[in-house]
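**Student:** quick one: sequence plus predicted model below, questions after.
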Amino acid sequence: NEIPVRENITLKVVVVGNSSVGKTSILYRYTQGGIFHTEIDSTIGIDYRERSLKLQNKTFQLQIWDTAGQERFKTITRSYYRNSDGIIVVYDVSSRDSFIKVREWVESVTESAPENVVMLLIGNKIDLTNKRCVTLEEGQDLAKKLGIKFIETSAKTGVNIEMGFEFLVKTINNQK
Ligand code: GDP
Ligand code: MG
């Protein structure tokens with residue numbers, strides 16, 4: 001009788017984007033079982049969270065890195081991206097400025113991250129329907145231009161958070 005062996009794969013995922021777009025909220029939602037925090041302390045440093053995910057008969061151990069305030073000062077070091085398998089770039093659909101900055105974030109990632117890194121663009125806060133100023137189509141078009149994956153989420157309602165990470169992990173796994 002053979003015991004089925006699950007492959008165990010550790011993946012490093014890094015989350016970037018302007019301050020207050022919801023990076024930490026997305027990670028809380030994904031790693032802390034759906035808790036939404038309205039006040040998150042952004043002390044300077046880097047925060048780290050873990051979650052495991054079973055997909056395609058493999059167990060993925062996700063190590064997710066979050067900037068804690070560094071994005072305000074654009075002092076994110078190259079070493080932050082080192083050995084990363086996936087990068088999530090987040091903007092806020094109610095902030096035009098955060099959307100405009102996406103290109104710069106992608107460029108700085110491209111300079112510092114491994115060549116085969118998988119990038120996912122997330123437009124967050126889609127629950128704010130009345131405040132939305134970046135359309136779904138604009139997000140899709142930008143992602144297409146930059147050659148990266150795209151999804152819209154809400155850390156508040158939880159919509160597409162699970163799916164976003166699953167999508168990222170599947171893409172990483174398929175190109176390995
Ligand atoms: P970070 O600076 O990118 O880590 O952003 P935070 O996660 O600290 O979130 C900044 C603010 O936006 C906080 O007040 C959050 O509660 C709020 N926020 C984050 N995600 C969402 C969302 O999906 N919808 C709404 N309405 N608010 C959000
Ligand atoms: Mg944060």
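**Tutor:** Arrived safely. Ligands and ions are numbered 1, 2, ... in the order given.

**Student:** I figured Asn16 hits Val90, correct?
**Tutor:** Not quite, residue 16 is Val, not Asn. Yes - with contact defined as CB atoms under 8 Å, Val16 reaches Val90; the gap is 7.3 Å. The way it works is simple: take the backbone N, C-alpha and C, and place the C-beta from them, glycine included.

**Student:** what residues are shared contacts of those two?
**Tutor:** When CB atoms under 8 Å, 6 or more residues apart in numbering defines a contact, the residues bordering Val16 and Val90 alike are Lys23.

**Student:** interface residues of this protein facing ligand 2?
**Tutor:** Within reach of ligand 2 by CB under 5 Å from the ion, the chain has these residues: 23-24.

**Student:** how about the strands in the chain?
**Tutor:** The residue ranges that make up the strands of the chain, judged by DSSP state E, are 7-17, 45-55, 58-68, 86-92, 118-124, 149-152.

**Student:** pipe these into CSV and attach mean pLDDT per row.
**Tutor:** Conversion of those to CSV gives the following (pLDDT from 0 to 100):
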stretch, mean pLDDT
strand 7-17, 92
strand 45-55, 83
strand 58-68, 88
strand 86-92, 97
strand 118-124, 98
strand 149-152, 98
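
**Student:** what's the closest of the ones you listed to ligand 1?
**Tutor:** The stretch from the strands of the chain with the least distance to ligand 1 (CB to the nearest ligand atom) is strand 118-124; that distance is 5.0 Å.

**Student:** if we can go back for a sec, and the strands of the chain as JSON lines, adding distance to Glu104 and mean neighbour count?
**Tutor:** Formatted as JSON lines, those follow (distance: least, CB to CB, whole Å; neighbours: other CB atoms under 10 Å):
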{"stretch": "strand 7-17", "distance to Glu104": "10", "mean neighbour count": "19"}
{"stretch": "strand 45-55", "distance to Glu104": "20", "mean neighbour count": "14"}
{"stretch": "strand 58-68", "distance to Glu104": "15", "mean neighbour count": "18"}
{"stretch": "strand 86-92", "distance to Glu104": "10", "mean neighbour count": "25"}
{"stretch": "strand 118-124", "distance to Glu104": "13", "mean neighbour count": "26"}
{"stretch": "strand 149-152", "distance to Glu104": "17", "mean neighbour count": "20"}
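
**Student:** who wins for proximity to Leu142 among the ones you listed?
**Tutor:** strand 118-124 (7.0 Å; CB to CB).

**Student:** how about the contacts made by the nearest residue to Lys58 once chain neighbours are set aside?
**Tutor:** Beyond its immediate neighbours in the sequence, the residue positioned closest to Lys58 (CB to CB, 6 or more residues apart in numbering) is Glu7, lying 4.4 Å away. Glu7 makes contact with 57-59, according to CB under 8 Å, 6+ apart.
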